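Student: I would like the atomic coordinates for the input below:
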Amino acid sequence: MKEESARLRIDKWLWAARFFKTRALASDAVEGGKVHLNGVRVKPAKGINPGDMLEIRIGRFQFVVAVHGLSGRRGPASEAILLYEETAESRAVRETLIAQLKAESIPGSEHHGRPTKRDRRHIVRFTEG
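Tutor: Got it, this is the predicted structure:
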């Protein structure tokens with residue numbers, strides 16, 4: 001966790017903190033309004049400082065984090081975790097959503113791809129009688 005400067009681009013920080021796999025994805029998320037800095041929609045080049053609050057929406061999940069450090073380099077996950085702290089409320093809401101999604105899963109949805117030879121035999125027996 002090396003502090004490079006007093007300010008760092010928000011898209012670069014999101015990439016370094018491992019919220020997004022590429023800087024382009026981070027930049028697109030910021031431009032699309034998925035990231036708010038201190039409650040305000042910002043542009044990708046906006047500077048970020050330690051102590052700022054970020055609201056990050058990725059799919060159905062929303063993270064509310066406090067920025068603790070700056071790093072312009074993408075390091076291991078163990079270093080990325082030191083750059084921010086997620087609020088307890090955000091973590092609780094996310095865990096509740098994960099539990100709901102697991103409960104809503106459709107039985108049999110884990111089967112993907114073509115039917116096996118055995119499955120085809122069962123299908124033929126069922127359709128032909």
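Student: Phi first, then psi, for the residue nearest to the spatial centre of the chain.
Tutor: With distances taken as Cα atoms, centre = their mean, the chain has Ile58 as the residue nearest its mean C-alpha position (4.5 Å). Backbone torsions of Ile58, given as degrees, to the nearest 10, read phi -130, psi 100.
Student: doesn't Ala29 make contact with it?
Tutor: Yes. Ile58 sits in contact with Ala29 when judged by Cβ atoms under 8 Å, with a separation of 7.5 Å. Heads up, the C-betas are built off the backbone N, CA and C, glycines and all.
Student: Between the two, which contacts overlap?
Tutor: Common neighbours of Ile58 and Ala29, counting by Cβ atoms under 8 Å, 6 or more residues apart in numbering, are Phe20.
Student: pLDDT below threshold where in the chain?
Tutor: Where the chain drops to pLDDT under 70, the residues are 1-6, 107-111.
Student: Could I get the full set of helices for the protein?
Tutor: Per DSSP state H, the chain carries helices over the ranges 10-16, 23-31, 77-80, 88-103, 117-128.
Student: The fourth one packs against which elements?
Tutor: With contacts defined as 3 or more Cβ pairs under 8 Å, 6 or more residues apart in numbering; DSSP states H and E, the secondary structure elements packing on helix 88-103 are strand 61-67.
Student: Residues in contact with the strand it packs on: which ones?
Tutor: 13, 19, 48-57, 83-87, 89-90, 93-94, 97.
Student: cool, stretch 37-50 as well?
Tutor: Contacts of stretch 37-50 with the rest of the structure, by Cβ under 8 Å, 6+ apart, involve 6-11, 13, 26-27, 30-31, 33, 35-36, 52-55, 67-70.
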